[in-house]
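In: Quick one, what's the 3D model for this:
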Amino acid sequence: MSVLFPKVNKPREWDYRPIYYDKEKEARKDKKLARLHHGSFREEHEKNMTTARRQRSSKLVFWIVLFVLLILTFYVFL
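Out: You can find the predicted model right below:
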C-alpha cells in the first residue's frame, strides 16, 4: 500500500495569535513581581513550617484526648 500511496507529511500550519496589550494583566504581573523580594522564599518556608508545626501539635492533642477518653471508657464499663 505504501508503494501506491506514499505517506506525505502535511506542511506545518502557521498558527498566529496576535498579542494584545491587557492593562489589567500587566498590573497583576507587576504586582506579583513586586511581591517577590530577596528572602521571600525563606519567609514563605518559615511560614509553612510554623503552620505545619501547629497542625502537627493539634493532631497530637486530638489523639491524646481520644486515647484518654478511650481508656476512661474502658475503665468505667469494665
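In: Could you report the neighbour count for Phe41?
Out: 10 (other CB atoms under 10 Å). For glycine as for every other residue, the C-beta is placed from the backbone atoms N, C-alpha and C.
In: any idea how far Leu36 is from Leu72?
Out: Noted for Leu36: a distance of 52 Å to Leu72, by CB to CB, to the nearest Å.
In: so where's this protein uncertain?
Out: In the predicted model of the chain, residues 1-2, 37-38 satisfy pLDDT under 70.
In: And the helices in it?
Out: For the chain, the helices defined by DSSP state H occupy 23-35, 40-77.
In: Using JSON lines, please lay out these together with distance to Leu4.
Out: Output for the helices of the chain, formatted as JSON lines (distance: least, CB to CB, whole Å):
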{"stretch": "helix 23-35", "distance to Leu4": "53"}
{"stretch": "helix 40-77", "distance to Leu4": "62"}
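In: which one of those helices lies closest to Trp14?
Out: In terms of CB to CB, the element of those nearest to Trp14 is helix 23-35, at 25.2 Å.
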